[in-house]
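J.: from the sequence below, what's the structure:
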Amino acid sequence: MPTTPNRRVPHLRHVGAVSIVALGVAAGLQPGHAAAQTLQDALVQAYQSNPQLLAERANLRATDEGVPQALANWRPTVQLSASQGYTHVDSTSPEAVTNVLGQPTGKTADVSGSSNSHPQTYGVSITQPLYRGGRTVAQTAEALNLVQAERARLVAEEQTIMLTVATDYMNVVRDQATVDLDINNEQVLKRQLEQTQDQFRVGEVTRTDVAQAEASYAQAIATRQAAEGALQVDRAAFEHDVGIAPGKLVAPTGLPPLPTKREAAVDLASTSNPNVIAAQFAQQASEDNVNVVRGQLLPQVGLTASWQHAKDSTNTAGLRADDAQVVAQVTMPLYEGGAIYSQTRQAKQTVAQRKSQVDDARRVAVQSAASFWEQMLSDRATITSLQAAIRANEISLDGTRQEAAVGQRTVLDILNAEQVLLQSRVNLVSSQHDEIVAELSLASAIGALTAKNLGLPVELYEPDKNFNEVRDKWVGFGSAE
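T.: Below is the predicted model of the structure:
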C-alpha cells in the first residue's frame, strides 16, 4: 500500500513539490506526451498567449493614448484651406436710346451681357491655446491617473490568469491521482471478488459474501468511470486557459513565499492588492475630472495667426489680394444655463463614489487574505489528520484480513475496511489540492502571484515601452506595439 509522508509547510515555495510527492502521481494523460510539463511551463504559456491577458494589455495601450490627447491641448493646430471656382453671370439692364446725334430720345432699351470669373483662394491658419481655465493640466493629470489605474487592473488580470491556470493544473493532478487510486481499488476489489468466488466454490463463504464482493467491484468501476469523466472536464479547462493540452505534469516549483503571520498577510492585502491600487488611482482621476469640468467656467485665451491669398480673374480684369493677421482672443463664459454647475456637482459625487469603492476594494482584499489564510491552516490540519487516519486504516485493513483468514471476520468487513482506506486516501489528495490552491489564492490576494514574483522565464511585459513611445508623439499612426 502506498503511504503518504508527513509534512509541515512553512510557506508556498516548498509546498508545491512536497504536496505533489505526497500525492504520489505524475499525471501522464496521453501516451504521446513524453516530455514532463511543469506548472511553470503552463504559466509561461498562459502569460505569453492567453487571450484575456493579451486583450487587457491592448486595453492598457489604448488607455495610454489619453495622455498624448490631453497634452495635445498645449500644442497649436494648423489648418490649410484652398478653393477654386468658376462663375458665369448673364445680366440685362435698361439703357437710354439716343439718336444719330447722340441725343437721348426719352426711350430705353434692354441691353444683355455676360461675364466669367475664376475665383481662387488659399491660405493657412495657426491657432495656439494659451490658457484653457486650467483644463489642460487637469486633463493630463486625469489621464496619467487613469493609466496607472489600468496598469493595476492589468496586474489583477494577470494574477487572475495565473491563479486560474495554477488551479487548472492542480485540478488535473488531483483528478489523475484520484483516478489512479480508483484504478488500484478496482484491481484490489477484482482480486477480492475472485478470491471470494474461489472460497464459495469450496464452501468457505456464502453466496451473500460473493454478492457483496460483486457489488463492491461494480461500485468501484462506476466510481473510476466518474473520476475519469471529471478528469477529462479538467483537462478541457486546462487546454482552454493555457492554450495546450496537459502533458505529464510534475511538481510545481518557483512559487513565491507567503507571510508567516496572518496580520502581515492582511496588511499586504490592504496596500498591495492590485484592485485596491486601481481603485485609488481611479479616485485620483475623478478628483482631476472635477477640475476639468469646472475649468469650463474660467476664461480662455488663444492666439490665431492666418494668411490668405485670393485671386479672381474675369473676362476683362483680375483681382489679387493677400490678407495676413494675428488675433488674440479672450473668452469669458458668463452663464451657461447651469449645465456646467450641474456637471461639476455630478463630478464631485463621482469622487465620493470612488472613495467608497476604494474602501470596498480594501475590505474585499483583507477579507480574501484572511479567508485564504484560515483555509490554508485548516487544510494543513486536515492533511495531518488524514495522514494519521491512513496509517491507522492500513493497520486496520491488514488486521481485518488476518482475522478473516481465521474466520473472525467476514468478506464484508474486509470490503468495508478497504473502502474506508480508499476514502481516506482520496480525501488526502483533495485536501492537498485545496491547500495549494488556498496558498496560491493568498498569494494573489497580497499581489504576489505575478510572472515577476514567480520568476517565470519570460520576457516580462513592460507597460512603459508603449507609454513612452506615444506620450510625446506629435504625428504618426504607429506605436511600439
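J.: name the helix or strand for the spatially most central residue of the chain, please.
T.: With distances taken as CA atoms, centre = their mean, the residue of the chain nearest its centroid is residue 157 (2.8 Å). Following DSSP states H and E, the helix or strand that holds residue 157 is helix 135-201.
J.: any idea how far that helix is from the chain center?
T.: When C-alpha coordinates are averaged (CA atoms, centre = their mean, to the nearest Å), helix 135-201 and its chain have centres 17 Å apart.
J.: buried ones in the next helix or strand after it, by neighbour count?
T.: Using DSSP H and E, the helix or strand that follows helix 135-201 in sequence is helix 207-242. Going by neighbour count (16 or more other CB atoms under 10 Å), the buried part of helix 207-242 is 209-210, 212-213, 216-217, 220, 223-224, 227, 231, 234-235, 237-238, 241-242. Every C-beta, even on glycine, is put in place using the N, C-alpha and C of the backbone.
J.: setting aside sequence neighbours, what's the nearest residue to residue 196?
T.: With sequence-adjacent residues excluded and distances taken as CB to CB, 6 or more residues apart in numbering, residue 196 is closest to residue 213, at 4.2 Å.
J.: so the one you found makes contact with residue 418?
T.: No: under the criterion of CB atoms under 8 Å, residue 213 makes no contact with residue 418, lying 10.7 Å away.
J.: tell me, what's touching those two both at once?
T.: The contact sets of residue 213 and residue 418 overlap at 189, 192 (CB atoms under 8 Å, 6 or more residues apart in numbering).
J.: where in the protein is pLDDT low?
T.: For the chain, applying pLDDT under 70 flags the ranges 1-36, 251, 253-254, 314-318, 479-481.
J.: state which strand of it is the longest.
T.: In the chain, ranked by residue count with DSSP state E as the criterion, the top strand is strand 104-131.
J.: residues of that one that come out buried?
T.: Under the neighbour-count criterion of 16+ other CB under 10 Å, strand 104-131 has 117, 121, 123, 125, 129 buried.
J.: how about those residues in JSON lines, adding distance to residue 290?
T.: Compiled in JSON lines, the buried residues of strand 104-131 are given as follows (distance: CB to CB, whole Å):
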{"residue": "117", "distance to residue 290": "56"}
{"residue": "121", "distance to residue 290": "44"}
{"residue": "123", "distance to residue 290": "40"}
{"residue": "125", "distance to residue 290": "33"}
{"residue": "129", "distance to residue 290": "21"}
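J.: got the CA coordinates for stretch 332-339 in PDB?
T.: What follows is stretch 332-339, C-alpha atoms only, in PDB (Å, rounded to 0.1, in the frame of the first residue of the first chain):
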ATOM      1  CA  MET A 332     -15.100  84.600 -20.600                       C
ATOM      2  CA  PRO A 333     -18.200  82.500 -20.000                       C
ATOM      3  CA  LEU A 334     -20.900  84.400 -18.100                       C
ATOM      4  CA  TYR A 335     -23.700  82.000 -17.900                       C
ATOM      5  CA  GLU A 336     -24.100  78.500 -19.500                       C
ATOM      6  CA  GLY A 337     -27.600  77.700 -18.500                       C
ATOM      7  CA  GLY A 338     -26.500  75.900 -15.300                       C
ATOM      8  CA  ALA A 339     -25.300  72.800 -17.200                       C
END
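J.: so which residues make contact with that stretch?
T.: Among residues not part of stretch 332-339, those counted as contacts by CB under 8 Å, 6+ apart are 296, 297, 298, 299, 300, 340.
J.: what about these, which are in strands?
T.: Residues of these located in strands (DSSP E): residue 300.
J.: from the contacts of stretch 332-339, list the buried ones, please.
T.: Among these, those scoring as buried are 296, 300, 340 (criterion: 16+ other CB under 10 Å).
J.: can you tell me how far the first one is from residue 188?
T.: Computed with CB to CB, to the nearest Å, the distance linking residue 296 and residue 188 is 80 Å.
J.: and what of the last one?
T.: Noted for residue 340: a distance of 80 Å to residue 188, by CB to CB.
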